[in-house]
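Undergrad: turn this into a structure:
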Amino acid sequence: LHVERIRDAALRKVEEARETLEQRVGLRTAEIRAAVDELKSQRDFMAKIMDHGGSLILLTDREGRIIQFNRECERTTGYKSIEVLNKVFWEFFLEPSDTGSPVDLFKPVFSGAGAITREGPWRTKEPGSRWIRWHGVGLGEVPSAPSHCVITGIDITDHRRAEIQIRKNEENLRNILEHLPVGVILATGSEFTVLYENPCFIEMFGYTRKHFQDVSTWWPLAYPDPVYREQVSSEWNSRIAEAIRLEQPIEPMEVRITARDGSVRYVCVHATFLGSQCFVTFIDLTERHKSEQFRRLNEKRLETLVQ
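TA: Purely as a prediction, here's the structure:
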């Protein structure tokens with residue numbers, strides 16, 4: 001009887017231990033499953049970022065060998081992932097640079113000193129290259145010695161081409177303005193702050209932006225007579241208001257402008273708004289005015305002789 005009691009007690013303890021073990025195993029299994037699900041969720045999330053983030057993303061090891069290469073990289077470079085895996089990134093994609101070797105370029109990343117940001121051409125499968133603005137940062141369990149480098153970038157080729165074209169257009173426009181046979185100023189804002197005056201304007205009047213910065217400092221120089229200045233100013237402001245109301249160029253206006261040397265020039269002023277800027281041209285009518293005065297004088301003399 002005593003033996004049976006001991007056996008029963010032992011069986012109960014074994015059963016309790018089994019149940020405890022099963023509970024612990026069940027809890028641990030649940031934790032592992034949760035961890036696996038979390039890892040899968042993170043992996044899926046990273047996969048979505050890699051393939052649907054709209055940026056070029058690739059991963060290299062410390063030797064620069066490509067481990068991952070997302071769809072945007074494939075689309076931009078024309079290479080499939082399988083074609084570039086284990087290729088050394090800087091040897092395969094980067095052009096030689098005068099700033100040093102690519103290996104030296106990546107030293108800060110793999111020494112834990114910091115990230116790098118660059119902009120330049122990446123080779124493509126089709127002959128040529130794409131201009132990429134990219135960023136490289138170290139990744140690993142030891143911050144001072146990253147085991148991998150994550151490179152993210154955006155293709156700015158079209159943007160860069162547009163910038164180059166804009167600069168060319170600006171240069172072409174400036175060349176045109178520099179050689180126009182009429183005076184030109186470009187002003188901006190409600191105060192008509194002067195941004196540019198062409199050589200013909202300077203030759204015509206002798207003034208530069210050193211002498212006047214906006215319309216308020218232009219009026220006393222161009223129209224020293226206060227009565228005439230008020231007359232011109234009033235008419236000018238009236239025409240501006242009318243042009244704004246009708247959304248059309250300012251009606252041309254003939255005025256007498258006093259040059260820096262004291263001479264008076266008869267000028268036809270045209271102005272057009274280009275967004276927030278105002279493009280003003282000055283056509284010199286002085287010689288025509290003199291010819292008209294001479295013609296009128298001759299007509300009067302002829303009338304006197306006839307009489």
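Undergrad: tell me where the chain has strands.
TA: In the chain, the strands defined using DSSP state E lie at 56-61, 66-69, 116-123, 129-139, 148-155, 183-188, 193-197, 250-258, 264-274, 277-284.
Undergrad: now those strands as TSV including mean pLDDT?
TA: Shown next, in TSV, are the strands of the chain (pLDDT from 0 to 100):
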stretch	mean pLDDT
strand 56-61	92
strand 66-69	92
strand 116-123	92
strand 129-139	92
strand 148-155	92
strand 183-188	92
strand 193-197	93
strand 250-258	91
strand 264-274	90
strand 277-284	91
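Undergrad: got CSV for the ones you listed, with distance to residue 75 and mean neighbour count too?
TA: For every residue, glycine as well, the C-beta is placed using N, CA and C. Shown next, in CSV, are the strands of the chain (distance: least, C-beta to C-beta, whole Å; neighbours: other C-beta atoms under 10 Å):
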stretch, distance to residue 75, mean neighbour count
strand 56-61, 9, 21
strand 66-69, 11, 20
strand 116-123, 13, 15
strand 129-139, 10, 18
strand 148-155, 9, 20
strand 183-188, 41, 20
strand 193-197, 41, 17
strand 250-258, 50, 16
strand 264-274, 38, 16
strand 277-284, 39, 19
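Undergrad: look up the closest residue to residue 265, ignoring the ones flanking it.
TA: Closest residue to residue 265 apart from its sequence neighbours, by C-beta to C-beta, 6 or more residues apart in numbering: residue 286 at 4.8 Å.
Undergrad: just put the strands of the chain in a markdown table and tack on distance to residue 93.
TA: Below are the strands of the chain laid out as a markdown table (distance: least, C-beta to C-beta, whole Å):
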| stretch | distance to residue 93 |
| --- | --- |
| strand 56-61 | 9 |
| strand 66-69 | 9 |
| strand 116-123 | 5 |
| strand 129-139 | 9 |
| strand 148-155 | 10 |
| strand 183-188 | 43 |
| strand 193-197 | 42 |
| strand 250-258 | 54 |
| strand 264-274 | 42 |
| strand 277-284 | 42 |
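Undergrad: out of the ones you listed, flag the one nearest residue 207.
TA: strand 193-197 (7.8 Å; C-beta to C-beta).
Undergrad: count the residues that sit near the closest residue to residue 92 other than its chain neighbours.
TA: Nearest residue to residue 92, sequence neighbours excluded (C-beta to C-beta, 6+ apart): residue 84, at 6.3 Å. By the criterion of other C-beta atoms under 10 Å, residue 84 has 21 neighbours.
Undergrad: so who does residue 84 touch?
TA: Contacts for residue 84 (C-beta atoms under 8 Å, 6 or more residues apart in numbering) come out as 66, 69, 73, 77, 92.
Undergrad: from residue 90, how far off is the residue nearest to residue 265?
TA: In this view, residue 286 and residue 90 are 66 Å apart by C-beta to C-beta, to the nearest Å.
Undergrad: distance of the residue nearest to residue 92 relative to residue 125?
TA: From residue 84 to residue 125 the distance is 10 Å (C-beta to C-beta).
Undergrad: shared neighbours, these two?
TA: Counting by C-beta under 8 Å, 6+ apart, the common neighbours of residue 84 and residue 125 are residue 77.
Undergrad: so where's the stretch 201-307 of the chain shaky on pLDDT?
TA: Residue ranges of the stretch 201-307 of the chain with pLDDT under 70: 293-295, 298-299, 301-307.
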